[in-house]
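# what would the 3D arrangement of this be:
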Amino acid sequence: MHKISTCFIMMTFCCAFVSCYKDMGNYNYHPINEINFTNIDTAHGYTLLLGDTLAIAPELKGTQDPAGTGKQYSYEWSLDFSAKDSVLSTEKNLRVKLLVAPGRYTLQFKATDKETGIRAHIRTQLLVTTRVFEGYLVMNEVTGRTRLDMLSYHRTDDQFEQLTDVLSQLGSGAPVQGKPRQVFCMETESLFITPQTYRIYLVTDNGTFKVDPETFGYNTLDDFRYEMVGALPGDFAPTSLTGSLQYLFMPTTFMTEGNNIYRRIYQGIVFPYVPVNIYAGEANPFKAFPQVTCYDDGFVVYNMDKRTFTTGSFNSVNVTDMPPGAGFPEGKDMVYMEDQQSTGYGYAVMKDPGLANYYLLRFYPGYSFSDYFEPMTATDIDKAAHFATSPELGYLFYSVGGKLYEYDPFLQQSFLMLDKGSEEITYIAFQKFFNPNFYDKYTEFGNLLTVGTLNPGGTEGSNGTLEQYGVPPVNKPLQKKNSWTGFGRITSVAYRERN
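Got it, this is the predicted structure:
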């Protein structure tokens, strides 16, 4: 009986298989009109200024319509927003004036065969910019007042456009300011970036305010006092700003007012009017050196009262002295302190109180230890006015009048790199880029030494020059990369980044 059942099942399976096999042969296959596109740049995409007209004339070919004219098609051009597609046109040839917010978009073109419903699409990148989309912001002094200029960078041709008095050019409405102190740019978000999460601050001797990051427009609520919470005194006046990326992606901003340091944590809207340069249990803050260094989840503040280093985490409400054995000296006067976002190093120039004995310190702000502290044998270091440290090679640069020196910490020797004669060097820096991965040029820009000089015999407002130099190894001569003239007395430079 079991054998009969088994044979019956096998016969049924074979019949079903044969039936299916025969059924497969009953289908009729027809080739479809496969659509392909040409004359759309998918390799480089498109870049244009806000308000300009985007014009693209694509060519369409089908496997059953080689000329692209034998069938009826419908078309759709759209921008891919996070919430939904925005249809720009339903014509084959796109010609539209773009009035969307500056930024990066995905441009999509769809074509549908009306007869069969077969649809094909193609995507490319679209970058909408403005004249002030990105580039160097140059703060300079002209007749005792602040003027903001810009070197607007155009990625399409890798060129800079110089814009003098950019706030006036754009009709900013920003109030007239006194002497300049600092221009500072930084993103305040990392996960939910919008046009308004970016900050461009202007710090002057009679006020600090931000401008719109897209239009450079200003209104009274942009005054920095509206970004503070607490009982502010009437003479409250920030003197500088800096920042870092907590855990390398969470922007945290530090503000200095006089000898106090304040902090706005990641995603914070305001700065609490509570200084971080204070020990737990103390009623009053100590006198802090105006420059704060930071990296990862740690910041370093120098206590000028005790002449000692202190440290705290980005979320702590006070600081502690550096632990013994961490390699941080005590009893010195602080001259200069700076961090390098790209390397995690902090650098400091210090001296013995009342003496011309100078020292160079290299340390790790995020990890509270030092790996270099040596006396400096450097020409005229006691007369130095400006300092900057190379993120790539670790050389310390300093200026004395019109001379620029490079100090090699390994050879413990200084080298004269530039001599501008009667001109005065008013500014030197290696530009910080908080998000160098946004654009491949940012790392290259960040390794350039920026030097601002002033010709005292020239016409005020156009007698300043900004130059950029490549820094080669083994103390070879600097390599001039860029030069622009027509500035005033250059005080501060910041780069407006874009992703």
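# drop to CA atoms for contacts and neighbour counts, all remaining ones
OK.
# distance from whichever helix or strand residue 107 is part of to the middle of the chain?
When secondary structure is defined by DSSP states H and E, residue 107 falls within strand 103-113. The gap between the average C-alpha position of strand 103-113 and the chain average comes to 29 Å, counting by CA atoms, centre = their mean, to the nearest Å.
# in stretch 440-460, which residues are buried?
Neighbour counts using 16 or more other CA atoms under 10 Å place 442-443, 445-455, 460 of stretch 440-460 among the buried residues.
# could you identify the most distant pair in those?
The span of those, defined through CA to CA, is set by 443 and 460 at 33.5 Å.
# quick one on the thing from earlier: for the next helix or strand after the strand holding residue 107, packing partners?
Heading C-terminal from strand 103-113, the first helix or strand you meet, by DSSP H and E, is strand 119-129. Packing contacts for strand 119-129, counted by 3 or more CA pairs under 8 Å, 6 or more residues apart in numbering; DSSP states H and E, involve strand 35-38, strand 46-49, strand 103-113.
# winner for burial among the ones you listed?
Taking mean count of other CA atoms under 10 Å as the contact definition, the stretch among the helices and strands packed on strand 119-129 with the greatest mean neighbour count is strand 103-113, which reaches a mean of 19.
# what does it contact?
Contacts of strand 103-113 from elsewhere in the structure, counted by CA atoms under 8 Å, 6 or more residues apart in numbering, are 33, 35, 71-81, 118-129.
# separate out the buried members of the residues you listed.
Burial of these was assessed by neighbour count (16+ other CA under 10 Å); the buried members are 33, 35, 73, 75-80, 119, 123-129.
# give me the number of residues near residue 291?
Counted by other CA atoms under 10 Å, the residues lying close to residue 291 total 22.
# same check, this time on residue 166
That count, for residue 166 with other CA under 10 Å as the rule, works out to 20.
# got it, and residue 115?
When counting by other CA under 10 Å, one arrives at 10 neighbours for residue 115.
# surely it meets residue 74?
No: contact status for residue 115 versus residue 74: not in contact, 10.3 Å apart, counting by CA atoms under 8 Å.
# got the phi and psi for the closest residue in space to residue 454 that isn't next to it in sequence?
The shortest distance from residue 454 to any non-neighbouring residue, by CA to CA, 6 or more residues apart in numbering, is to residue 464 (4.5 Å). When quoted as degrees, to the nearest 10, the phi and psi of residue 464 stand at phi -100, psi 150.
# roughly how far apart are residue 216 and residue 76?
In this structure, residue 216 and residue 76 are separated by 35 Å, where distance is defined by CA to CA, to the nearest Å.
# for the residue nearest to residue 454, give the beta-bridge partners.
Counting by DSSP bridges, residue 464 forms beta bridges with residue 454, residue 487.
# narrow the buried residues of stretch 440-460 to those in helices?
Cross-referencing these with the helices (criterion: DSSP state H) gives 442, 443, 445, 446 as the overlap.
# go ahead and confirm residue 63 touches residue 37.
No: at 11.5 Å, residue 63 does not count as touching residue 37 under the criterion of CA under 8 Å.
# save the helices and strands packed on strand 119-129 as JSON lines, and put in mean pLDDT too.
JSON lines is the format used below for the helices and strands packed on strand 119-129 (pLDDT from 0 to 100):
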{"stretch": "strand 35-38", "mean pLDDT": "88"}
{"stretch": "strand 46-49", "mean pLDDT": "91"}
{"stretch": "strand 103-113", "mean pLDDT": "91"}
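# quick one: secondary structure of the residue nearest to residue 369 when sequence neighbours are not counted?
In space, and not counting its chain neighbours, residue 369 is closest to residue 326: 4.7 Å by CA to CA, 6+ apart. When classified by DSSP: H, G, I helix; E, B strand; the rest coil, residue 326 comes out as coil.
# number of residues surrounding residue 326?
The local packing of residue 326 (other CA under 10 Å) involves 13 other residues.
# and it, how far from residue 98?
57 Å.
# cool, and residue 410?
In this structure, residue 410 lies at 55 Å from residue 98, with CA to CA as the measure.
# what's the answer for residue 383, then?
When distance is defined by CA to CA, residue 383 is 54 Å away from residue 98.
# and the helices in the chain?
Remark: helices of the chain, listed N- to C-terminal, are 2-24, 166-169, 441-446; assignment by DSSP H.
# tell me which residues touch residue 173, please.
167, 217, 218, 219.
# in this structure residue 284 contacts residue 278, no?
Yes: at 6.7 Å, residue 284 counts as touching residue 278 under the criterion of CA under 8 Å.
# okay, these two: which has more neighbours?
Neighbours around residue 284 and residue 278, counted as other CA under 10 Å, are more numerous at residue 278. The numbers are 22 against 10.
# which residue is the nearest non-sequential neighbour of the more buried one?
For residue 278, the nearest residue in space outside its immediate sequence neighbours is residue 285; the separation is 4.3 Å by CA to CA, 6+ apart.
# where does the protein dip in pLDDT?
Counting by pLDDT under 70, the chain has low-confidence residues at 1-30, 68, 70, 82-84.
# break it into its domains for me.
Using automatic domain parsing, the domains assigned to the chain come out as 35-129, 135-496.
# deepest in the core, which of those domains is it.
Neighbour counts (mean count of other CA under 10 Å) averaged over each of those peak at domain 135-496, with a mean of 18.
# what's the span of it, first residue to last?
Where domain 135-496 starts and where it finishes are 5 Å apart, if you go by CA to CA.
# what's the answer for stretch 266-284, then?
As for stretch 266-284, its first-to-last residue distance stands at 26 Å under the measure CA to CA.
# residue contacts, residue 439?
Residue 439 makes contact with 498, 499, according to CA under 8 Å, 6+ apart.
# begin at 20 from here
Sounds good: first residue 20 from here, last item residue 458.
# now do it against residue 156, distance only.
From residue 458 over to residue 156 the distance is 18 Å, taken as CA to CA.
# that older thread, please identify which of the ones in helices among the buried residues of stretch 459-479 is nearest to residue 351.
Each of these was checked against residue 351 using CA to CA; the closest is residue 465, at 30.5 Å.
# that closest one against residue 449, yeah?
Yes: taking contacts as CA under 8 Å, residue 465 lies within contact range of residue 449: 5.9 Å.
# which neighbours do the two share?
Here residue 465 and residue 449 share the contacting residues residue 410, scored by CA under 8 Å, 6+ apart.
# what angle sits between the strand holding residue 126 and strand 138-148?
What separates the directions of strand 122-132 and strand 138-148 is an angle of 160 degrees, with axes from the mean of the first three to the mean of the last three CA atoms, to 10 degrees.
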